[in-house]
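[1] Quick check, what structure comes out for this input:
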Amino acid sequence: MPPLLEGKMSAPFSSGRILCNISEIRLDRILVSGQSFRWKEEKPGFWTGVLYDRIWKLWQSETAIFYQIFGNSKTQSESASDIVKTSGAVKRSELIPKVIKDSELKEKILTNSISEELRTYENIYEELIKDYFQLNVNIATLYEKWSELDSNFQFISAKFEGIRMLRQDPVENLFSFICSSNNHISRISSMIEKLCENYGRAVGQLDGKTYFSFPTVSEMSDEGVESELRNLGFGYRAKYINKSARQILDKGGETWLKSLRGRPYDEAKKELMTLNGVGAKVADCVCLMSLDKTEAVPVDTHVWQIAARGYMPRLSKCKSLTDKLYNEIGDHFRTLWGPYAGWAQAVLFTADLKQFKEKDASPSNNQAEKPEIGTKTENSAKKRKATASKSEGNSVENCLGKAITARKRKQKKS
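    Numbering: from 1, shown residues only. Alright, predicted model coming up:
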């Protein structure tokens, strides 16, 4: 374990608030939905985690996000320019997906821009948290667009507002999802903590707990890391972590990984899949959550079941998720939802998680009529056909009724 940093933890060295309606972001959902694994709800509504090598406390009201930042005095002296460089933050204009051609839609979705000159700690941390939560993206506009295209999304999203993608550090994001193989959220979180405690750098203490940075690629590539991780309970993932770290160093280190933000989606995904233990799903998670590929749609068992239930009924007959089916599901959602398909998928994925299903299971929450499978256009056609059939059936019944009445009258006269 790395040595603890000396120095006394004091009051937060930076704090502030960011005006943002709760309909645009729900911390209680996105911080526990399997995007990042280092946020803990220490008490109801208050979240603590390590971000940009600082300890952050977050909470929100109906109209704002509040934050406090803690760190050891030795780390507070880091220059403003170094913080921006190590964060991987870029000019917001670089985040606009090239596949969006509608300039008016771009303007509606991207409502703010990150200032080019960050002169104070307060500005830096405010801009970094905006970047992390991608608050420049107007989620209400996207929800409205997806709801116009998809009645199933419209039905589900009514109860799950404020779901958005985090913009994470690619190193932490990649190795977290290497740990996710055949795993669940609580165990992944435990593994990530062990990884940080054993190979990261102590960034300070808060409420009696020591917090650590995420390890660098170099630290995870050292000899002996694989066997040490196996002893810590990582199993076969220990090999993936150690070998992938070495591969990344051979390709140019963390600079190479971050450079994939500037590559097209297909190229970035292909590059990631050359790493040990990185398949299509992990690659898509990294593309979506840290490499700015908003069209990436990670497909796991949850998403497969979502697709089978609400969009592609034939999938229910498939016994396994083949590469072909994986691509078909992703392509279906990209065609339906457009360039931010990965964000739309995250809404349905979050709604499908067990902890949120249980909260939504009360009788009062289940009275709305569920939409039929298919797009709004397809469903409208079905309804027209059903109405026509019903009218036709009513006409036949009326005719039969009249014939029977006439026959009875005739019998009475006889």
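
[2] From here on, just use CA atoms for contacts and neighbour counts.
    OK.

[3] that's a helix at residue 56, yeah?
    No - counting by DSSP: H, G, I helix; E, B strand; the rest coil, residue 56 is not part of a helix but strand.

[4] Would you mind measuring from it to residue 66?
    Going from residue 56 to residue 66 by CA to CA, to the nearest Å gives 10 Å.

[5] between the two, who's got more neighbours?
    Using other CA atoms under 10 Å, the more surrounded residue of residue 56 and residue 66 is residue 56, with 21 against 16.

[6] Residue 188 sits in which helix or strand?
    Here residue 188 sits within helix 185-199, counting by DSSP states H and E.

[7] Show residues contacting that helix.
    Here helix 185-199 makes contact (CA atoms under 8 Å, 6 or more residues apart in numbering) with 1-2, 34, 37-38, 176, 179-180, 211-215, 219-220, 232, 234.

[8] Checking the residue nearest to residue 229 when sequence neighbours are not counted next. Helix, strand or coil?
    Excluding the flanking residues, the one nearest residue 229 by CA to CA, 6 or more residues apart in numbering is residue 238, at 5.3 Å. Here residue 238 is helix, with the state taken from three-state DSSP.

[9] which residues sit in contact with residue 238?
    225, 226, 227, 229, 230.

[10] hang on, residue 163 in a strand?
    No - if the criterion is three-state DSSP, then residue 163 is coil and not within a strand.

[11] thinking it is in contact with residue 29, fair?
    Yes - taking contacts as CA atoms under 8 Å, residue 163 lies within contact range of residue 29: 7.1 Å.

[12] more neighbours, the two?
    residue 163 (27 against 19).

[13] Need phi/psi at that one.
    phi -90, psi 120 (degrees, to the nearest 10).

[14] Please apply the same query to residue 50.
    Main-chain torsions, residue 50, degrees, to the nearest 10: phi -110, psi 130.

[15] For it, grab the count of nearby residues.
    The burial count for residue 50: 20, using other CA under 10 Å.

[16] Also residue 267?
    Neighbourhood size, residue 267 [other CA under 10 Å]: 12.

[17] For residue 283, see how far away it is.
    11 Å.

[18] same check, this time on residue 39
    For residue 39, the distance to residue 283 - CA to CA - is 22 Å.

[19] how about stretch 337-350: buried residues?
    Within stretch 337-350, the residues scored as buried using 16 or more other CA atoms under 10 Å are 337-350.

[20] typed the wrong thing, it's stretch 268-279
    In stretch 268-279, counting by 16+ other CA under 10 Å, buried: 268, 269, 272, 273, 275, 276, 277, 278, 279.

[21] Any chance of the residues you listed in CSV with distance to residue 159, pLDDT and secondary structure as columns?
    Below are those laid out as CSV (distance: CA to CA, whole Å; pLDDT from 0 to 100; DSSP: H, G, I helix; E, B strand; the rest coil):
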residue, distance to residue 159, pLDDT, secondary structure
268, 34, 98, helix
269, 32, 98, helix
272, 35, 98, helix
273, 35, 98, coil
275, 38, 98, coil
276, 39, 96, coil
277, 36, 94, coil
278, 34, 97, coil
279, 32, 96, coil
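
[22] Return the backbone torsion pair for the residue nearest the centre of the chain.
    Taking CA atoms, centre = their mean, the centroid of the chain lies closest to residue 165, which sits 4.3 Å from it. With angles defined as degrees, to the nearest 10, residue 165 sits at phi -90, psi 140.

[23] Check residue 48 too.
    Backbone torsions for residue 48, taken as degrees, to the nearest 10, come to phi -130, psi 140.

[24] residues contacting it?
    By CA under 8 Å, 6+ apart, the contact list for residue 48 reads 39, 40, 41, 42, 55, 56, 57, 58.

[25] wait, doesn't residue 69 sit right on residue 13?
    Yes - look at residue 69 against residue 13 with CA under 8 Å: they come within range, at 6.1 Å.

[26] which one of the two has more residues nearby?
    Between residue 69 and residue 13, counted using other CA under 10 Å, the more crowded position is residue 69 (20 against 15).

[27] Quick one, grab the pLDDT at that one.
    In the predicted model, residue 69 carries a pLDDT score of 95.

[28] Give the residue spans of the stretch 51-200 of the chain that score low on pLDDT.
    Residue ranges of the stretch 51-200 of the chain with pLDDT under 70: 72-122.

[29] what about 90?
    Along the stretch 51-200 of the chain, the parts satisfying pLDDT under 90 run over 71-125, 181-184.

[30] just the strands in it please.
    If DSSP state E, counting those that start in this stretch is used as the criterion, the strands of the stretch 51-200 of the chain fall at 54-60, 64-70.

[31] okay, these in CSV with distance to residue 250 next?
    CSV is the format used below for these (distance: least, CA to CA, whole Å):
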stretch, distance to residue 250
strand 54-60, 29
strand 64-70, 35
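
[32] Among the ones you listed, which comes closest to residue 262?
    Nearest to residue 262 among those is strand 54-60; the distance by CA to CA comes to 26.7 Å.

[33] just checking, what packs against that closest one?
    Strand 54-60 is packed against strand 46-51, strand 64-70, strand 202-206, with contacts defined by 3 or more CA pairs under 8 Å, 6 or more residues apart in numbering; DSSP states H and E.

[34] Give the partner strands of it in its sheet and their orientations.
    Within its sheet, strand 54-60 is paired with strand 46-51 (antiparallel), strand 64-70 (antiparallel), according to DSSP bridges.
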